[in-house]
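# predicted coordinates and the sequence they were generated for:
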Amino acid sequence: MGAGKTTVGRMLAKRLAWRFIDADTEIETATGSTIAQLFLEHGEPWFRQLEHETIRQLLTAPSIVLALGGGAIEDDRTRSLLLCSEGTQLVHPISPWWSILSPQALSSSPFWKIFVFDTFPQCESIQVVRLL
């Protein structure tokens, strides 16, 4: 929470003219419970399964920017799903969002210059995008 995934995700979606979706919001809407309540009531393994299935379904939608909670990428099944889904790029902020989106940073560098592209060896067609 507070990592800037919604702020950065919405900006990226707007720039690409794509739809922005937050996986946690989708889960909360579908279940009528908060993520914290789901963890408390059902435990982490149950939640990670629900999260995995939700992300799997969301990845079928075209042209989306999908924001994930921090634990999603740590789940082996979900990480594999993301890395090997055709056309998927992962954005991982390695700088605080407030420094990336500061007026100075945005005025001194075009939006796309804040990305560095790396290739994941296990999935030839996948690139990981890291925000600098």
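Yep, that arrived. Residues are numbered from 1 along each chain as shown.

# quick one: the strands in the protein?
In the chain, strands defined by DSSP state E lie at 19-22, 64-67, 89-93, 115-119, 127-131, listed in chain order.

# each with direction, which strands does the second one pair with?
Sheet pairing for strand 64-67, assigned by DSSP bridges, gives strand 19-22 (parallel).

# flag every buried residue along the partner strand.
By 16 or more other C-beta atoms under 10 Å, the buried positions in strand 19-22 come out as 20-22. To be clear about C-beta, it is placed using only N, CA and C from the backbone, and glycine gets the same treatment.

# what is the mean pLDDT for the longest helix belonging to the chain?
With DSSP state H applied, the helix covering the greatest number of residues in the chain is identified as helix 44-58. Mean per-residue pLDDT for helix 44-58: 96.

# which ones are touching residue 64?
Contacts were defined as C-beta atoms under 8 Å, 6 or more residues apart in numbering; by that measure residue 64 touches 13, 18-21, 58.

# what about it, distance to residue 16?
Taking C-beta to C-beta, to the nearest Å as the measure, residue 64 and residue 16 are separated by 9 Å.

# can you check residue 62 too?
Counting by C-beta to C-beta, the gap between residue 62 and residue 16 amounts to 12 Å.
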